[in-house]
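Enquirer: My questions are about this predicted structure, shown below with the sequence.
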Amino acid sequence: MSDRKADKDSGMANRRRVLGDAWVDKAQRNTNEFNAEFQDLITRYAWNEIWGREALGDKTRRYMVLSMMLGIKAFEEFAMHVRAALDGPPESRLTPDDIKEVIMMAAIYCGVPTANHAFGIAADILREKGLLAPKPI
């Protein structure tokens, strides 16, 4: 097996572990001739070279990714990683309180509007998962 193929296979295993099969399967279904090289790139580099490193572990990386997504206001990616953090393997899963603390820090370092928006996104996801009471009518 070529190194490139091995990197992609390892990256795909990490991607599935962190994001879950449903999300990765959806991304794979959305791969086409236009974005296939990008999907290959992120699988080999982000998911193999970075998420495959042993130094920090998945739970710490989850905190970091959530924080960085807020820092660059990548709210769609933030939502994806909130879902993944809540659904991940028990050893790397984040609680709603963990996510709240990330957003609280973001209020100081990234700005109150960013945190306000992030709380709305996270609350919607928590409601979807039955982890937060429905919005009052």
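Expert: In hand now; what should we look at?
Enquirer: Where does the spatially most central residue of the chain sit, in terms of helix or strand?
Expert: For the chain, the residue sitting closest to the mean C-alpha position, by Cα atoms, centre = their mean, is H81 at 2.2 Å. Taking DSSP states H and E as the definition, one finds H81 inside helix 75-87.
Enquirer: could you give the mean pLDDT of that helix?
Expert: Over the span of helix 75-87, the pLDDT mean works out to 97.
Enquirer: List every C-alpha atom in the next helix or strand after that helix, with coordinates, as CSV.
Expert: Next helix or strand after helix 75-87 toward the C-terminus (DSSP H and E): helix 96-109. Extracted C-alpha coordinates of helix 96-109, given in CSV (Å, rounded to 0.1, in the frame of the first residue of the first chain):
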residue,chain,number,x,y,z
PRO,A,96,-23.0,20.7,27.5
ASP,A,97,-21.2,22.4,30.4
ASP,A,98,-17.8,21.8,28.7
ILE,A,99,-19.2,23.5,25.5
LYS,A,100,-20.6,26.3,27.6
GLU,A,101,-17.2,27.0,29.1
VAL,A,102,-15.6,27.1,25.6
ILE,A,103,-18.2,29.7,24.6
MET,A,104,-17.8,31.7,27.8
MET,A,105,-14.0,32.0,27.1
ALA,A,106,-14.8,33.0,23.5
ALA,A,107,-16.9,35.9,24.8
ILE,A,108,-13.8,37.4,26.2
TYR,A,109,-11.2,36.4,23.5
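Enquirer: Need the residues that contact helix 96-109.
Expert: Contacts of helix 96-109 with the rest of the structure, by Cβ atoms under 8 Å, 6 or more residues apart in numbering, involve 63, 66-67, 70-71, 82, 85-86, 114-115, 118-119, 122, 126, 131-132. (Each C-beta comes from the backbone N, C-alpha and C, glycine too.)
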